[in-house]
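# below: sequence and its predicted model.
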There are 2 protein chains.
Amino acid sequence: MDRIYDIHLKRDTKEHLYVQLYKIIKKQIVNGILKTDSKLPPIRKLANSLSVNNVTVVNAYKMLEENGYVYKIIGSGTFVNSLETEVFNNLVGNEFIDFSLTSIEPNLFPVDNFKDAINITLDRDKGKAFEYQEIKGFKPLRESLSKYLESSNIKASPENIHIISGAQQGIDIISKGLVDFGDTVIVENPTYAGALASFNMRGANVIKAPIEQGGVNIELVEKICKNHSPKFFYSIPNFQNPTGYSYSKNNKLRLLELAYKYKFYIIEDDYSSELNFNGDSNESLKSLDKQKKVIYIKSFSKVIMPGLRLGFIISPSILEKELLYAKHITDISTSGLLQRAFDVFLRNNSLENQLQIIVNTYKTKFDLVKNLLTKKYNNEMICNIPKGGLNFWLSLPSNLDSKELYKNLLKKGVVIAYGEEFFSYSDVNSFYRISIASVSESDIKIGFEIISNTIKEMLLNVNSKESINGYIPII
Amino acid sequence: MDRIYDIHLKRDTKEHLYVQLYKIIKKQIVNGILKTDSKLPPIRKLANSLSVNNVTVVNAYKMLEENGYVYKIIGSGTFVNSLETEVFNNLVGNEFIDFSLTSIEPNLFPVDNFKDAINITLDRDKGKAFEYQEIKGFKPLRESLSKYLESSNIKASPENIHIISGAQQGIDIISKGLVDFGDTVIVENPTYAGALASFNMRGANVIKAPIEQGGVNIELVEKICKNHSPKFFYSIPNFQNPTGYSYSKNNKLRLLELAYKYKFYIIEDDYSSELNFNGDSNESLKSLDKQKKVIYIKSFSKVIMPGLRLGFIISPSILEKELLYAKHITDISTSGLLQRAFDVFLRNNSLENQLQIIVNTYKTKFDLVKNLLTKKYNNEMICNIPKGGLNFWLSLPSNLDSKELYKNLLKKGVVIAYGEEFFSYSDVNSFYRISIASVSESDIKIGFEIISNTIKEMLLNVNSKESINGYIPII
C-alpha cells in the first residue's frame, strides 16, 4: 500500500489534480498493485503526503467510486473493488499494459510531416490525386522507392515494384497469384498468424520448418523440397515475428541456394529489419539473391504509421501478370492520395529522419528489456534475446501453459500474445511474445514485475498440485 | 478539311497560341478527322483564317512534324502521317476519346472540401489518425453512414456496417468469407468483370442468368435454385454494369422472395443508384429486404473520387465473424486517415452537395447521349436506353463483332469497352459498353460520329463480302 504515497502529480498541466490522482490509482487497481478489498489511505493522510487539498482526494475517490473501481463502507473507509465484475469490461485499451501490440506509439508518428506532404500533394495534383492509379502504383513513388532502396543494397527497377495497401495485402495478393488448391508452401514455425491464415484460405498444403536463432534447419527444408516441390518458402529472415530470431548470413545464402536448386520462390517479409540496434550485419535475402527467386514484401505500417496501410512488393518480372491480376481483383489499386503524399514524404527524406528517431527511441527500451530478461527475471522469464526488432519470444518454466498465463495476466491489466496463434495448430504450449512497441519504459518495468510474479504464482500452484499428486496425504 | 479552319484559339490563357493549335490539329489527326496523307492548309491561309501570325502556324506545324503526326514534302506542303506507325504508340491517354472509363472527371472531384476534411482530421486526431483502426472500421464513420443511409430508406446499425477499401474489395472479402470451392453463385449475364474474376478465383460454380431491361427472368433463377442451392446471387439491381438496365420493383420483390424461399443471400452492388436522372422509383434491394438476406456493397469511388478507395458493406449480423476474418487477412483494416477524413466530409454534408453537382452535370450528358442514340444514330448504334447511370449498352447490326469495332476505333483514337469481358466466356459478340463518365459533351459528339462512321464502314465490308459470296462474278 506504500506505493500509493509515492505518487507524483504534475502541477504544470491543464489536467486537474484530482483527475490525475484518479487515473494513477485506477491504474494501480487495474494492474493489481492495489489488491481487491484492500483499503485506500485515509483522505487526510493521502492529501498531506501529496501536499494537496483534502478536496482533491475526495474528488478522486468519488470518481473512482462512480466508475466502479472502489466501494465505500460508511465509517470504515474506501476499498478496492473486484475487477472481475463488469468494471473490467469497461476498461478501455489504454488502461492495459499491452505487450501484444506491435505498432509503435502514436506520439512517434510523423504527423506534421505527413500532413505537409498531403497538402503539398493536393495543391499540386488536385483532382488527379483521386483518380484511379496504375494497378502497379503511382510511378513517381515507385521511382523514389527504387532510389531509396539503394541504401539497403537492393536493386529494384520501378517496373518491378508494386505498391500495396500494407504487408498483409502483399501476402494475400501473392497467395492469390501463386497458390492453387493443394500447392505446398513452407513456413517458419512459429510464424506470423496473418500469413498462415492467408495460405490456409487458398487451400495450401502448409509445411512447417522450426525456426531457431540463426535460421531454419536447411537440411530439413531440403528434405521437404525433395518430397513436395514447394511453390514458395515464406520467411521473415531478420528479427522474425514472433521469435525475434535472425538468419545467419550463411543460412541466408544456403536458403537461396535451395531455392535455385529446387526452383521455388522465397517470400521475404521484411518486417522490421531497420530496427537493427547493434549495427550487426542484417542483409535482406533480396539483396543477396542472384537468380530472381525472392519476392520481397515491405510495409511502412509497422514502424512509421500502422494505419497508413501502405507498402510494396518487389517481384521478378516473370510474376508480373499474376500479381497485377490479383491486385486488381483485390482492390483495383491503392489510394492514390496516400501514394502521392508518401512520395512527397520520401523525397523530403522524411522517412530516413523518422527511422532515425524510431531507432533511437527503441534502442533504449530494447536495452532495458534485454537487461531485465538477462539479469533480473532470468529464472522465470526465459528468452533467447534477439539482436533487434520489437519482439521478444519467451518460454515458461516447467511447461506451464502460456494461454493460462495470458488469462491470469489479463485480470491484472497486462496483455501478452500467447504462443498458440503463431503455430498452425492448437496445442498447449509454453511460448509467448512480448512486444515493446507501444509500452513506455515505466510500464515495461511494472509489467515485467507483474508477469514475473504471476509466473511465480503459477509455479507455486503447479508444485503444490504435483506434491498432492505425488504424496496423497492420508486424511 | 474545312474543319481545320473552324478552330477557336484562346487568347486569355497562358498557353502559347502555337501550342494550342498543335494540340487541336493533333486531336483531329488522332480522331481520324484529318485523314492519313491528306494535306494541311497552306501556312498563310490558315494564319489568315485564324487571325494569327504566320509564325504561329509554322511553329505548330513544326511541333507536329517533330512529334511524328505530319510529314513535309518540300515544295508540296505538309501532310498527315499514318497513325499506324510508332506515333500511335506514343499517344498518351488523354488524347483518346475514352468511353471505357467509368470514373467521373477529376475536375469534378471535391478536392478542396476533402483537403479541409483531412486537415481538420489531422489537427484533431494527430497520431491517432494513423493507428490501426477497428477491423470493422472507424466507429464514428459507421455512425455517420448509418445516419446518412436513412435518406435512402436503408436502416443499418453502425454495428452492421463494415468499412472497406472500395467495392472490389467488398466483393473479394465476401467471396473469401462465403464461397468455398465448388459453391454455386448466380450472376447476371453480362455483369461486372471484377466480380466474375473474384468468384472464379474462389473456385465457385458461376451460373449466369441473362439480364434484361426490368431484371432477370425470375422463373429461370428459381429453376437454378432448385437444382443448385446457390450460396448467393450477385446483383446490380439499379443501372446495372454494363447494361444500364434496372429491375422493376416487382422483380426486386420477387427476387427477394426467392432468396427467402431458397435461403440464399443477395449481394447487392449499389454501383450508381444515385445517378437517377429522371426521379424514377429506384429502391435498393436492401431497403426492401425484410429477412436480412441482402448484403449491400457501396463504394464512394465511382461517383466521388475513384482513387479514394473507400466504401462499405452492410451485412446481417450472422455473417459478421466471416467478414471480419476475411477483411483482416485481406489488409487488416482500411486507412484510418481516409476513414476519419471521410467522416468529417460526411458530417459537413459535403457528400450530399457533391452528389447534387454530379447529378446535375451528368443529366445534361445523359440527355445528349439519349438524344443522339434515339434520333441521330439509331440505325447503327442500337441501344435499349437506361433510366440513369453512366453506362449505355449497345449492340452492333448484322452480328458484327464488337472486338473488331474496338480495334477499328482504337486506330481512330476512340476507346469503347467491348462486350466479351462482361461475359464469363469468350465468344464473338456484338455488344459493347459506352460510358459517359469522363468524356466531355463535345467529345461525345465527335466520338459518336466516329463510331457511327466506323460501323457503317464495317457494314459496307460485310455487305461487299456477302455479295461476293452470294454472287461469284464470272471473270
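Perfect, I can see it now. Numbers count the residues shown, from 1 in each chain, chains lettered A, B, ... in the order given.
# pLDDT weak spots in chain A?
Applying pLDDT under 70 to the predicted model, the residue ranges of chain A that meet it are A:1-3, A:83-94, A:424-428, A:465-475.
# give me the most central residue, it.
A:T102 (1.9 Å; CA atoms, centre = their mean).
# which ones are touching that residue?
A:241, A:302, A:390-391, A:435, A:437 (CB atoms under 8 Å, 6 or more residues apart in numbering or on different chains). For glycine as for every other residue, the C-beta is placed from the backbone atoms N, C-alpha and C.
# hang on, it in a helix?
No - read with DSSP: H, G, I helix; E, B strand; the rest coil, A:T102 is coil and lies in no helix.
# how close does it get to A:I434?
Counting by CB to CB, to the nearest Å, the gap from A:T102 to A:I434 is 11 Å.
# joint contacts of the two?
Overlap between the contact sets of A:T102 and A:I434, as judged by CB under 8 Å, 6+ apart, is given by A:N391.
# elements contacting the longest helix that chain A contains?
Secondary structure of chain A per DSSP state H: the longest helix is helix A:441-470. The helices and strands touching helix A:441-470, judged by 3 or more CB pairs under 8 Å, 6 or more residues apart in numbering or on different chains; DSSP states H and E, are strand A:97-98, helix A:350-371, helix A:402-411, strand A:414-415.
# so which of those is nearest A:Y265?
Among the helices and strands packed on helix A:441-470, helix A:350-371 comes nearest to A:Y265, with 27.4 Å by CB to CB.
# which elements pack onto that closest one?
Here helix A:350-371 touches helix A:111-125, helix A:441-470, going by 3+ CB pairs under 8 Å, 6+ apart.
# hmm, who's touching that helix?
Helix A:350-371 is contacted by residues A:104, A:108, A:110, A:113-114, A:117, A:148, A:274-277, A:300, A:303-304, A:345, A:385, A:388, A:390, A:392, A:434, A:436, A:439, A:441, A:444-445, A:448 when judged by CB under 8 Å, 6+ apart.
# ditto for stretch A:315-329
Looking at what lies outside stretch A:315-329 - CB under 8 Å, 6+ apart - the contacts are A:135-136, A:159-160, A:162, A:164, A:173-174, A:176-178, A:265, A:292-293, A:295-296, A:313, A:333, B:168, B:172, B:194, B:197-198, B:201.
# 7 Å - rerun?
Stretch A:315-329 is contacted from outside by A:135-136, A:160, A:162, A:173, A:176-178, A:292, A:295, A:313, B:168, B:172, B:194, B:197-198, B:201, using CB atoms under 7 Å, 6 or more residues apart in numbering or on different chains.
# mind listing what A:I135 touches?
The contact partners of A:I135, by CB under 7 Å, 6+ apart, come to A:324, A:327-328, A:333.
# start to end distance for stretch A:324-338?
Separation of the first and last residues of stretch A:324-338 by CA to CA, to the nearest Å is 19 Å.
# before we move on, the earlier item: in the longest helix of chain A, what's buried?
By neighbour count with 16 or more other CB atoms under 10 Å in any protein chain shown, helix A:441-470 contains the buried residues A:443-452, A:454-455, A:458-459.
# other SSEs contacting the top strand by length along chain A?
In chain A, assigned by DSSP state E, the strand with the most residues is strand A:205-212. Helices and strands in packing contact with strand A:205-212 are listed as strand A:184-189, helix A:193-201, helix A:218-228; criterion 3 or more CB pairs under 7 Å, 6 or more residues apart in numbering or on different chains; DSSP states H and E.
# mind putting those in a markdown table, mean neighbour count and distance to chain B included?
Formatted as a markdown table, the entries for these read as follows, by neighbours: other CB atoms under 10 Å in any protein chain shown; distance: least, CB to the nearest CB, whole Å:
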| stretch | mean neighbour count | distance to chain B |
| --- | --- | --- |
| strand A:184-189 | 24 | 15 |
| helix A:193-201 | 22 | 5 |
| helix A:218-228 | 15 | 21 |
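# just put those in CSV and tack on distance to B:A47.
Conversion of the helices and strands packed on strand A:205-212 to CSV gives the following (distance: least, CB to CB, whole Å):
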stretch, distance to B:A47
strand A:184-189, 69
helix A:193-201, 65
helix A:218-228, 74
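# out of those, nearest to B:K286?
Evaluated over the helices and strands packed on strand A:205-212, closeness to B:K286 peaks at helix A:193-201, with 27.3 Å, by CB to CB.
# other SSEs contacting the closest one?
Helix A:193-201 packs on helix A:167-178, strand A:184-189, strand A:205-212, helix B:320-331, going by 3+ CB pairs under 7 Å, 6+ apart.
# tell me which of these is the most buried.
The highest mean neighbour count among those belongs to helix A:167-178 (a mean of 26), with neighbours defined as mean count of other CB atoms under 10 Å in any protein chain shown.
# wait, does it make contact with chain B?
Yes - residues of helix A:167-178 contacting chain B under CB under 7 Å from any CB of the partner chain: A:168-169, A:172, A:176.
# would you map the helices across the stretch 1-150 of chain A?
Assignment of helices within the stretch 1-150 of chain A using DSSP state H, counting those that start in this stretch yields the ranges A:17-30, A:43-50, A:54-66, A:86-89, A:111-125, A:139-149.
# now render the ones you listed as TSV, adding distance to chain B.
Putting the helices of the stretch 1-150 of chain A into TSV (distance: least, CB to the nearest CB, whole Å) gives the following:
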stretch	distance to chain B
helix A:17-30	19
helix A:43-50	31
helix A:54-66	24
helix A:86-89	17
helix A:111-125	5
helix A:139-149	13
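# among the ones you listed, which is nearest B:K126?
Each of the helices of the stretch 1-150 of chain A was checked against B:K126 via CB to CB, and the shortest separation belongs to helix A:111-125, namely 5.1 Å.
# buried ones in the closest one?
Those would be A:111, A:113-122, A:125, for helix A:111-125 by 16+ other CB under 10 Å.
# show me what that helix is packed against.
Other helices and strands packing on helix A:111-125, by 3+ CB pairs under 7 Å, 6+ apart, are helix A:336-347, helix B:111-125.
# would a markdown table of these with distance to B:L368 be doable?
As requested, these are exported to a markdown table (distance: least, CB to CB, whole Å):
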| stretch | distance to B:L368 |
| --- | --- |
| helix A:336-347 | 29 |
| helix B:111-125 | 26 |
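# out of the ones you listed, which gets nearest to B:I4?
Set against B:I4 and scored by CB to CB, the helices and strands packed on helix A:111-125 come closest in helix B:111-125, at 35.8 Å.
# now the angle from that closest one to helix A:336-347?
Helix B:111-125 and helix A:336-347 are oriented at 60 degrees to each other (axes from the mean of the first three to the mean of the last three CA atoms, to 10 degrees).
# what does helix B:111-125 contact?
Taking CB under 7 Å, 6+ apart as the rule, helix B:111-125 contacts A:111, A:115, A:118, A:122, A:126-127, B:129, B:337, B:340-341, B:344-345, B:350.
# which one of the contacts of A:I135 is nearest A:N54?
Out of the contacts of A:I135, the member with the shortest distance to A:N54 (by CB to CB) is A:S333, at 62.5 Å.
# using PDB, list the CA coordinates for stretch A:251-271.
Output for stretch A:251-271, consisting of C-alpha atoms alone and laid out as PDB, is shown next (Å, rounded to 0.1, in the frame of the first residue of the first chain):
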ATOM      1  CA  ASN A 251      21.900 -19.700 -43.600                       C
ATOM      2  CA  LYS A 252      20.500 -16.900 -45.800                       C
ATOM      3  CA  LEU A 253      22.800 -17.900 -48.600                       C
ATOM      4  CA  ARG A 254      22.100 -21.600 -48.100                       C
ATOM      5  CA  LEU A 255      18.300 -21.000 -48.300                       C
ATOM      6  CA  LEU A 256      18.800 -19.100 -51.500                       C
ATOM      7  CA  GLU A 257      20.800 -22.000 -53.000                       C
ATOM      8  CA  LEU A 258      18.000 -24.300 -52.100                       C
ATOM      9  CA  ALA A 259      15.500 -22.000 -53.900                       C
ATOM     10  CA  TYR A 260      17.700 -22.100 -57.000                       C
ATOM     11  CA  LYS A 261      18.100 -25.800 -56.900                       C
ATOM     12  CA  TYR A 262      14.500 -26.800 -56.200                       C
ATOM     13  CA  LYS A 263      13.100 -23.800 -58.200                       C
ATOM     14  CA  PHE A 264      10.800 -22.300 -55.500                       C
ATOM     15  CA  TYR A 265      10.300 -18.700 -54.600                       C
ATOM     16  CA  ILE A 266      11.200 -17.100 -51.300                       C
ATOM     17  CA  ILE A 267       8.600 -14.600 -50.000                       C
ATOM     18  CA  GLU A 268      10.700 -12.400 -47.900                       C
ATOM     19  CA  ASP A 269       8.600 -10.400 -45.400                       C
ATOM     20  CA  ASP A 270      10.900  -7.600 -44.300                       C
ATOM     21  CA  TYR A 271       9.000  -7.000 -41.000                       C
END
